[in-house]
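*Asks:* Can you look at this prediction? I've put the sequence above it.
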2 protein chains.
Amino acid sequence: MAAVGRLAGVSQVTVSRALSDPSKVSPETLARIREAIEVTGFVPNAIAGALASRRSMLVTALVPSITNIVYATMVKAFSNRMREHGYQFLLSETGFDPEEEERIIATVLSRRPDAMLLTGIHHTAQARKMLLGADIPVVEVWDITDSPVDLCVGFSHAETGRAVAEYAVAKGHRRAGTVTAGDARALRRKEAFSRRFTELGGTVLAEIDHDGPATLARGREGLARLIDMAGFAGGFVHCSSDVLAHGVVIEAHARGIDVPGTVAVSGFGDQDFAAQIEPPITTVRVDRDVLGRSAAEAVLARIGKRPDVPTVTDVGFEIITRGTA
Amino acid sequence: MAAVGRLAGVSQVTVSRALSDPSKVSPETLARIREAIEVTGFVPNAIAGALASRRSMLVTALVPSITNIVYATMVKAFSNRMREHGYQFLLSETGFDPEEEERIIATVLSRRPDAMLLTGIHHTAQARKMLLGADIPVVEVWDITDSPVDLCVGFSHAETGRAVAEYAVAKGHRRAGTVTAGDARALRRKEAFSRRFTELGGTVLAEIDHDGPATLARGREGLARLIDMAGFAGGFVHCSSDVLAHGVVIEAHARGIDVPGTVAVSGFGDQDFAAQIEPPITTVRVDRDVLGRSAAEAVLARIGKRPDVPTVTDVGFEIITRGTA
DNA sequence: CTGTTAGCGCTTTCAA
DNA sequence: TTGAAAGCGCTAACAG
């Protein structure tokens, strides 16, 4: 920056000002500085800037998996909105282990981000302490709680499960099975489904739970086990994701089982393919764009010290009725 | 750090040393420092550290789309390997516009990353200049060239197109159509397919090109337009991705067209679902794990100043024969 | 509108 | 094994 200044015949500070707020510099000097920057190929050092200003202009997001499209679209909406406000975006993957998340929070905080997005509401005590100590806006998403670390934007997983149970019963189903994979939130959806379905007089014959990511293969295997091992002869199958539901549909077709006649299936997520396959999947839709954007708005409001920041935002969900149930 | 030192009865420098290289500090002081850190909840400031040491321990990756699973898995392999070596990971989305990429490269470089991963080999002249000027390892992936900015790990898109054409002809096809969506690389695959298919005596009746991302809807629409507008009555359909191929299969089923009897279909990417749907998709597989890991190895070798760094690595590809062609 | 002076919180170097 | 001093390349005050 000093070199640029020398070339433009001004001091280093003036170059700094020309970059951060051009209106503070006369048009002529600005032009000379711009030219000098062009000539030297100068790229400002944001690290030094961050250290001096105590603002990193960096926001970080922690997600369980960067290859999961559900988180990716949400995070995309969040980062787009933040980028509009000049923030850069640091993405980290935490896996599904709170201890691992804690370690990652520590290293991420060492970069002094100006705000942080976390997926989920369950963190270790030490993690909460560090987050509070960082004194930055923190938004927890994809779940909901009355006692967030700071801000929370999400929806109730248990409610989605109950809503699907009520839907199934309303459609006349009295027997059900479940196929679940993924994280603790998927399990909570399933448990709420099973409880409510039972409350309403139905019977849950079997629950197939997988550790790890939802795959088509696990969906197929899920229905296979329901039928072959639990004697599931027909009814409603609650799947914790659209991918699993798709797998169940594929397996049903392979076995010549009618969907939704004999086996009805519900998914979760309303992914791109859910509406396109045959039959299209009945599912639970959460507006991930709105979720990501709301999270960004909440953070921006807090950064801007706006007083009207809602601490907890429930973005809700919607059951999308299609062909499988 | 000074506060921690005071509490432990040592100077600030000693705390720094305890953190960066514990063996340089006596066991007793180390213990006292550790305790002081615990008590104060001290989190080191990596920004200050980066400024002083001129190493940010940050690597950045630029991808066209963070929601595209194909890039996500590659980037995951890359970041995992880099993380093992203590690097943090900054992910940015460039879209498909080189100008936009140039802007993003500039802001990203201002964070002084220690290395950089770029998707693709086509960048603006200004971008190349900035990258060279940054004087850090740069690895271009997901394509291949003899003249990379620095390092290159990928495969030839044109070769995949030609290989599929040869496969189609070997299977006895003489008429073909194409359905393409996405970036310039998808177009290059298609063009190579069409040229080679024609060279080998076949006829390409129509090429359906979509701007923007590949979706099932666009795949379905692709076959519909091939049939309804181009009079495609049967033959081989080259799709630039598995998602499009899946859409073509769905549309074929909806119209009662036999796959692969009347319409044969090839995809690209070998995504999770390709092997699972009915019929399973014949596709081109690129090992994205190997690609991401190789990119990381190349970067690490260069950072470690190892002399044996191969500048260009071709990870190749493989045609996976399944049910659709 | 522009410049001067002090740091930001670390690491590096050199001495003790 | 420990400490003192000197920056890293910027921004934030405050003057002029």
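*Replies:* Okay, I see it.

*Asks:* Give the helix, strand or coil label for A:K129.
*Replies:* When the structure is split into helix, strand and coil by DSSP: H, G, I helix; E, B strand; the rest coil, A:K129 lands in helix.

*Asks:* brain fart, A:H238
*Replies:* The three-state label given to A:H238 by three-state DSSP is strand.

*Asks:* thought it was touching A:V164?
*Replies:* Yes. The pair A:H238 and A:V164 qualifies as a contact (C-beta atoms under 8 Å) at a distance of 5.9 Å. (Glycine included, C-beta is placed from N, CA and C.)

*Asks:* Quick check: neighbours shared by the two?
*Replies:* A:R189, A:F193, A:S266 (C-beta atoms under 8 Å, 6 or more residues apart in numbering or on different chains).

*Asks:* Among these, which one has the most neighbours?
*Replies:* Neighbour counts for the shared contacts of A:H238 and A:V164 were taken using other C-beta atoms under 10 Å in any protein chain shown; the highest belongs to A:S266, which has 32 neighbours.

*Asks:* did I read that right, A:L117 in a strand?
*Replies:* Yes. Following the definition three-state DSSP, A:L117 is counted among the residues of a strand.

*Asks:* Could you show which parts of chain A are in contact with DNA strand C?
*Replies:* With C-beta under 7 Å from any atom of the strand as the criterion, chain A comes near DNA strand C at residues A:5, A:10-14, A:17, A:23-26, A:28-30, A:48, A:51-52, A:54.

*Asks:* Show me just the buried residues among those residues.
*Replies:* Buried residues within these, defined by neighbour count using 16 or more other C-beta atoms under 10 Å in any protein chain shown: A:G5, A:V10, A:T14, A:R17, A:V25, A:T29, A:L30, A:A48, A:L51.

*Asks:* which residue packs closest to the residue positioned nearest the centre of chain A, ignoring adjacent ones?
*Replies:* Centroid check for chain A by C-alpha atoms, centre = their mean gives A:Y71 as the closest residue, at 3.6 Å. The spatial neighbour of A:Y71 that comes closest, neighbours along the chain excluded (C-beta to C-beta, 6 or more residues apart in numbering or on different chains), is A:V63 at 4.2 Å.

*Asks:* For the stretch 51-200 of chain A, which residues are neighbours of chain B?
*Replies:* By the rule C-beta under 8 Å from any C-beta of the partner chain, the part of the stretch 51-200 of chain A lying against chain B is A:51, A:56, A:58, A:66-67, A:69, A:72-73, A:75-76, A:79, A:88-93, A:106-112, A:129-130, A:133-134.

*Asks:* Just the buried subset of those, written out for PyMOL, thanks.
*Replies:* The command below creates a PyMOL selection of those among those that count as buried (16+ other C-beta under 10 Å):
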select buried, chain A and resi 51+56+58+66+67+69+72+73+75+76+79+88+89+90+91+92+93+107+108+109+110+111+112+130+134
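
*Asks:* Stretch A:195-204 spans what distance, first to last residue?
*Replies:* The first and last residues of stretch A:195-204 sit 9 Å apart, counting by C-alpha to C-alpha, to the nearest Å.

*Asks:* Quick one: residues in contact with it.
*Replies:* Under the criterion C-beta under 8 Å, 6+ apart, residues A:161-162, A:165-166, A:168-169, A:173-178, A:194, A:236, A:238 lie in contact with stretch A:195-204.

*Asks:* coming back round to it: restricting to the residues of the stretch 51-200 of chain A next to chain B, which residues neighbour DNA strand D?
*Replies:* Among these, the residues within reach of DNA strand D (C-beta under 7 Å from any atom of the strand) are A:L51.

*Asks:* List the ones among the residues of the stretch 51-200 of chain A next to chain B that fall in helices.
*Replies:* Using DSSP state H to define helices, the subset of those located there is A:51, A:69, A:72-73, A:75-76, A:79, A:106-109, A:129-130, A:133-134.

*Asks:* What is the nearest of these to B:F273?
*Replies:* Distance to B:F273 across those (C-beta to C-beta) is lowest for A:I69, with 12.0 Å.

*Asks:* surely the closest one meets B:V70?
*Replies:* No. A:I69 sits out of contact with B:V70 when judged by C-beta under 8 Å, with a separation of 11.6 Å.

*Asks:* Chain A - how does it break down into domains?
*Replies:* Here chain A is described, according to the TED database, as comprising the domains A:1-44, A:57-155+A:288-316, A:157-285.

*Asks:* will you turn those into TSV that also has mean pLDDT?
*Replies:* Shown next, in TSV, are the domains of chain A (pLDDT from 0 to 100):
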stretch	mean pLDDT
domain A:1-44	93
domain A:57-155+A:288-316	93
domain A:157-285	96
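
*Asks:* Mind putting those into JSON lines with distance to B:V39?
*Replies:* Converted to JSON lines, those look like this (distance: least, C-beta to C-beta, whole Å):
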{"stretch": "domain A:1-44", "distance to B:V39": "38"}
{"stretch": "domain A:57-155+A:288-316", "distance to B:V39": "12"}
{"stretch": "domain A:157-285", "distance to B:V39": "32"}
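
*Asks:* For B:G316, find the nearest of those.
*Replies:* With C-beta to C-beta as the measure, domain A:57-155+A:288-316 is the member of the domains of chain A nearest B:G316 (22.5 Å).

*Asks:* can you give me the offset of the closest one from its chain's centre?
*Replies:* Its chain's C-alpha centre lies 9 Å from the corresponding centre of domain A:57-155+A:288-316 when counted by C-alpha atoms, centre = their mean, to the nearest Å.

*Asks:* if you skip the residues just before and after it, what's nearest to A:L7?
*Replies:* Distances taken as C-beta to C-beta, 6+ apart put A:A36 closest to A:L7, at 4.0 Å, once the chain neighbours are dropped.

*Asks:* Number of residues surrounding the one you found?
*Replies:* 20.

*Asks:* mind checking which helix or strand it is in?
*Replies:* Following DSSP states H and E, one finds A:A36 within helix A:27-40.

*Asks:* Which strands and helices lie in contact with that helix?
*Replies:* For helix A:27-40, the helices and strands in contact under the criterion 3 or more C-beta pairs under 8 Å, 6 or more residues apart in numbering or on different chains; DSSP states H and E are helix A:2-8, helix A:12-20.

*Asks:* Kindly reformat those as TSV and extend each row with distance to A:G304.
*Replies:* Shown next, in TSV, are the helices and strands packed on helix A:27-40 (distance: least, C-beta to C-beta, whole Å):
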stretch	distance to A:G304
helix A:2-8	31
helix A:12-20	18
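
*Asks:* which one of those helices lies closest to DNA strand D?
*Replies:* Among those, helix A:12-20 comes nearest to DNA strand D, with 2.9 Å by C-beta to the nearest atom of the strand.

*Asks:* Can the closest one be said to contact DNA strand D?
*Replies:* Yes. Contact between helix A:12-20 and DNA strand D is present through A:Q12, A:V13, A:S16, A:L19, A:S20 (criterion: C-beta under 7 Å from any atom of the strand).

*Asks:* Which strands or helices does that helix pack on?
*Replies:* In terms of contacts (3+ C-beta pairs under 8 Å, 6+ apart), helix A:12-20 is packed against helix A:2-8, helix A:27-40.

*Asks:* tell me the most buried of these?
*Replies:* helix A:2-8 (a mean of 17; mean count of other C-beta atoms under 10 Å in any protein chain shown).

*Asks:* next one: that helix to chain centre, how far?
*Replies:* Average the C-alpha atoms of helix A:2-8, do the same for its chain, and the two points are 45 Å apart (C-alpha atoms, centre = their mean).

*Asks:* what's that helix packed up against?
*Replies:* helix A:12-20, helix A:27-40.

*Asks:* got the angle between the shortest one and helix A:27-40?
*Replies:* So that's helix A:12-20. Our comparison of helix A:12-20 with helix A:27-40, counting by axes from the mean of the first three to the mean of the last three C-alpha atoms, to 10 degrees, yields an angle of 90 degrees.
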